[in-house]
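Novice: Compute the structure for the input listed below.
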Amino acid sequence: MRTGPFGYRLRIAVSAALLLLVCVAQPVAAIMVASSFPTGTGFHVFGFDPVHGTFDLYPGVAFEFRTHSLSAPLDSIRVSLNQFVGANDMLIGLHEAEPYVDNFGVSTIRPGRMIESFHLQDALTAASQIVTVQSVLTPLLQQDTSYFISVSAVNNGQQRQLIRWSLGDGDEIPIIGESDEGLVRAFLSSTGWGTYQYSGFPRGAFEVIGAPEPGAGALLGVGLVLLAVRSRRVS
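Specialist: This is a model prediction of the structure:
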């Protein structure tokens, strides 16, 4: 029994809509954009320490990562941290990289404009833990581009605060995907971000996760729906 052009288009539209719902419902794996590659074990200590006369202790550190084979919107950042002393008040940041000439006249890069930041209070314990922050702005991380992840202690007047950034001992964060060679380490001081000159200076453990893109099936379903609607309009 023939149903005519309208019935045929209706079946296409219904089938495409069902396919779209199925595809959207299917879980899509997140994208690993970058993972740090520590060269040793231990941790970095940073923050403010007026108690012991070292209030100019670097309040924060940052590490470069590079996106090599893909572009992806930022989904989340994972950092291995723990509270050492004090206020438990910190800022995690994603930065653009900007050109920089260090104190030795070497041209390099350092953390530049803050793309997105995450203010966390009372998020740490004395034990090392994975702190995960979820992106709200979902900025696009461009392919073949350098960025920085920073963690800095928030200055609460004269209150002592020290934070430790773990180097990824044990199974805290998988060590995959990225060579450590040539990646910049940076520190925050009263004059802004500077860079370390020591190639053996280890990097804290972190991961940058990209948001999953729609699957090809979902895009096909959308296309079929649009085709059916267009066919109905021109008939």
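Novice: going forward, measure contacts and count neighbours with C-alpha atoms only.
Specialist: Noted.
Novice: what does stretch 45-60 contact?
Specialist: If you take CA atoms under 8 Å, 6 or more residues apart in numbering as the criterion, stretch 45-60 is touched by 61, 84, 150-155, 158-165, 187-190.
Novice: can you do 7 Å?
Specialist: Here stretch 45-60 makes contact (CA atoms under 7 Å, 6 or more residues apart in numbering) with 151-153, 158, 160-165, 187-189.
Novice: right, and the pair among those residues with maximum separation?
Specialist: Spatially, the most separated pair among the contacts of stretch 45-60 is Gln158 and Trp165, at 22.0 Å (CA to CA).
Novice: related to what we said a few turns ago, now, of the contacts of stretch 45-60, which are buried?
Specialist: Buried members of the contacts of stretch 45-60, scored by 16 or more other CA atoms under 10 Å, are Val151, Ser152, Ala153, Arg160, Gln161, Leu162, Ile163, Arg164, Trp165, Phe187, Leu188.
Novice: Tell me the one of those residues nearest Gly93?
Specialist: Closest approach between those and Gly93, by CA to CA: Val151, at 6.4 Å.
Novice: name the element Leu162 belongs to?
Specialist: According to DSSP states H and E, Leu162 maps onto strand 161-166.
Novice: try Val131
Specialist: Counting by DSSP H and E, Val131 is part of strand 129-134.
Novice: Just list what that strand packs against, helices and strands only.
Specialist: Secondary structure elements in contact with strand 129-134, counted by 3 or more CA pairs under 7 Å, 6 or more residues apart in numbering; DSSP states H and E, are strand 72-86.
Novice: can you pull out the strands in the protein?
Specialist: For the chain, applying DSSP state E gives strands covering 31-35, 43-48, 60-67, 72-86, 89-101, 107-121, 129-134, 140-141, 145-153, 161-166, 185-189, 192-195, 206-210.
Novice: Now render these as CSV, adding mean pLDDT.
Specialist: Output for the strands of the chain, formatted as CSV (pLDDT from 0 to 100):
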stretch, mean pLDDT
strand 31-35, 72
strand 43-48, 86
strand 60-67, 91
strand 72-86, 89
strand 89-101, 96
strand 107-121, 96
strand 129-134, 90
strand 140-141, 94
strand 145-153, 94
strand 161-166, 89
strand 185-189, 91
strand 192-195, 93
strand 206-210, 89
